[in-house]
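J.: Need the 3D shape of this:
(2 chains, ligands or ions: 3)
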Amino acid sequence: MGERGTSHSVTVEVNGEKVSRIVAARQLLVHFLRDTLGLTGTHIGCDTGNCGACSVIVDGKLVKSCMILAPQADGATIETVESLAQDGALSPLQESFHEHHGLQCGYCTPGMLMSATYLLRQNPEPTDEEIRRGIRGNVCRCTGYVNIVEAIREASRGQATERRSVQATAGEEV
Amino acid sequence: MLLEQVEYVRPESVGDALEILASDEGAAPLAGGQSLVNVLKNRVASVDVLVDISRLAELSSIARTADGGLSIGACVTYDALDRSPEVRASHWMLGEVAAHIEDQQIRNKGTIGGNCCLSDPTNNLPPILVALGAVMELRSRTGERSVPAVDFFKGYFATALEPGELLVSVTVPPIPEHSGAGYASLAVGADAKALVRAAARVTLDGSGATIADSCLVLARVAHVPVRDAEAEARLNGADATEEAVRAACAGVADGMQPIADVHGSSEYRRQMAKVTARRAVVQAIAAARGSRNGSTAGGK
Ligand SMILES: Cc1cc2nc3c(=O)[nH]c(=O)nc-3n(C[C@H](O)[C@H](O)[C@H](O)COP(=O)(O)OP(=O)(O)OC[C@H]3O[C@@H](n4cnc5c(N)ncnc54)[C@H](O)[C@@H]3O)c2cc1C
Ligand code: FES
Ligand code: FES
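T.: Ligands and ions are numbered 1, 2, ... in the order given. From the prediction side, this is the model:
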């Protein structure tokens, strides 16, 4: 049985990097990411599980990090918004948010990007309705969602075109 | 938010979890945490030690029972219910209800056990489990017992669970032949919390023309899901047509005193209960005829 106590040793892999820390049992994962690890890309909004600003991917599952205690994540692989850009270059999804004006104040954006990343992994070519359901747990007070949906739709088309051209190339080789 | 000081432990077996729950009055199981973490933030209940049961393999599987029903571990998430081929094959509507709980993040964490043990009257799964005749399998350090879902929900945030007891699984009996389930909600937005819900299970006679047996469950009318026995009596023997169902559902909730709150008055709930009940029964009839029921589609 794991040790019982008010503090726990937690080892996680965050954005490809393994980290170990001693945390208080009562620490929320969102505070572990932001305050303990300094990964402030993950935002905290409502702190009640309603707004989705704190969404991250834990062991492949999209979750709200304000609704999880840090010790619960022990052993997990965590992806935050900081994992999306590679070497300073925005990911195609992030580019699409930029291109289609999918953000204004940016408060909801890290959560939106993680929800959209998860959605596109599960469903690479979602319909608009599937996109809206995919970001249902993410509240945006600025954009009215239209441009966010467009940004995700266009990013998925970009992925699809890329996939088809890869398949076509693979096909030619056969 | 900073929670009150609390201990956390992740036992390696259900037995270990039961030991801690039995020996410490201030211990509480932590499943998906999608309600309990907020409870801790609000400090409405104080917990000394959180017993994390969410990773216990014993509580996380979905198995087919010998009679063709389902045995669902307490820590199976809504998302797992939604995506389970077993659930979809035999109890399509249960997967569908799970698929429409709030949002993807909550579906990835929230568990069937937590949804039931909290007994929040707005929770989605209790009414469908009552309609399907589910049985809650409880275990404590000293023994095991089975409680029908209809008796498990005792009141506003109250269940039949005794201190130190854990819900380990939910047994859902097979859906009989010529039977189907329906579920309807009056909600403000898609997948939102509902003002009134109704869940129904009907069995048609061999010809498919008449309702032979029915179970009609209303939620958000009382603090727990309730069966409307009078409406069931009117449905049994009625034609399996929309008009006959409408007539049988005209008196739904008439003998009840629906709750009133900021979302709706008692009378509004009574009227809406009739509408949601009719929709659920009509859906159940369509399912019983075989489009997507659980008795003839996929499963067999
Ligand atoms: C913003 C938001 C909106 C939501 N909207 C909805 C909604 O519309 N519909 C809906 O159905 N739900 C909704 N939920 C609640 C969610 O479904 C919760 O997941 C559920 O109420 C509790 O399940 P859990 O697994 O998260 O349990 P936890 O939060 O871990 O536990 C809940 C309670 O049950 C006890 N418990 C848990 N498992 C067991 C067990 N196996 N045996 C004994 N006791 C146990 C715990 O000790 C605790 O008291 C919402 C949650 C949030 C944050
Ligand atoms: S901060 Fe976590 S859901 Fe709003
Ligand atoms: S961009 Fe401001 S909340 Fe979404």
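J.: Check which helices and strands the helix ranked longest in chain A sits against.
T.: Looking across chain A with DSSP state H, the single longest helix is helix A:146-173. Using 3 or more C-beta pairs under 8 Å, 6 or more residues apart in numbering or on different chains; DSSP states H and E, the elements in contact with helix A:146-173 are helix A:92-99, helix A:109-122, helix A:128-134. C-beta coordinates here come from the backbone N, C-alpha and C atoms, glycine included.
J.: so which of these comes closest to ligand 2?
T.: Nearest to ligand 2, of all these, is helix A:109-122, at 7.5 Å by C-beta to the nearest ligand atom.
J.: What residues of that closest one count as buried?
T.: Neighbour counts over helix A:109-122 (16 or more other C-beta atoms under 10 Å in any protein chain shown) mark A:109-120 as buried.
J.: Also compute the angle for that helix relative to helix A:146-173, please.
T.: 40 degrees (axes from the mean of the first three to the mean of the last three C-alpha atoms, to 10 degrees).
J.: check contacts around the closest residue to ligand 1 within chain B.
T.: The minimum distance from chain B to ligand 1, using C-beta to the nearest ligand atom, falls at B:Gly114 (2.1 Å). Going by C-beta atoms under 8 Å, 6 or more residues apart in numbering or on different chains, B:Gly114 touches B:31-36, B:74.
J.: Low-confidence stretches in chain A?
T.: In the predicted model of chain A, residues A:1, A:171-174 satisfy pLDDT under 70.
J.: For chain B, give me its nearest residue in it.
T.: In chain A, no residue comes nearer to chain B than A:Gly137, which is 2.9 Å away by C-beta to the nearest C-beta.
J.: Please identify the residues of chain A in proximity to ligand 3?
T.: Residues of chain A found near ligand 3 (C-beta under 6 Å from any ligand atom) are A:103-108, A:140-143.
J.: Make a ChimeraX selection of whichever of those residues turn out to be buried.
T.: A single ChimeraX command selects the buried members of the residues of chain A next to ligand 3 (16+ other C-beta under 10 Å):
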select /A:103,107,108,140,143
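J.: Just the ones of the residues of chain A next to ligand 3 in strands?
T.: Among the residues of chain A next to ligand 3, DSSP state E puts none in strands.
J.: got the residues of chain A next to ligand 3 as JSON lines, with distance to chain B columns?
T.: As requested, the residues of chain A next to ligand 3 are exported to JSON lines (distance: C-beta to the nearest C-beta, whole Å):
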{"residue": "A:Leu103", "distance to chain B": "19"}
{"residue": "A:Gln104", "distance to chain B": "22"}
{"residue": "A:Cys105", "distance to chain B": "21"}
{"residue": "A:Gly106", "distance to chain B": "20"}
{"residue": "A:Tyr107", "distance to chain B": "17"}
{"residue": "A:Cys108", "distance to chain B": "13"}
{"residue": "A:Cys140", "distance to chain B": "14"}
{"residue": "A:Arg141", "distance to chain B": "16"}
{"residue": "A:Cys142", "distance to chain B": "19"}
{"residue": "A:Thr143", "distance to chain B": "18"}
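J.: Just to check, B:Ala244 is in contact with B:Gly237?
T.: No. Using C-beta atoms under 8 Å, B:Ala244 is not in contact with B:Gly237; the gap is 9.7 Å.
J.: The two: who's more crowded?
T.: A direct count of neighbours by other C-beta atoms under 10 Å in any protein chain shown for B:Ala244 and B:Gly237 places B:Ala244 higher, at 18 against 14.
J.: Quick one: distance of the helix or strand harbouring the more buried one to the chain centre.
T.: Per DSSP states H and E, B:Ala244 falls inside helix B:242-249. Remark: helix B:242-249 is offset 25 Å from the chain centroid, using C-alpha atoms, centre = their mean, to the nearest Å.
J.: next one: stretch A:120-134
T.: Taking mean C-alpha positions (C-alpha atoms, centre = their mean), stretch A:120-134 and its chain are 15 Å apart.
J.: What of stretch B:149-165?
T.: Between the centre of stretch B:149-165 and the centre of its chain there are 13 Å (C-alpha atoms, centre = their mean).
J.: same thing with stretch A:104-114?
T.: Mean-position distance between stretch A:104-114 and its chain equals 10 Å (C-alpha atoms, centre = their mean).
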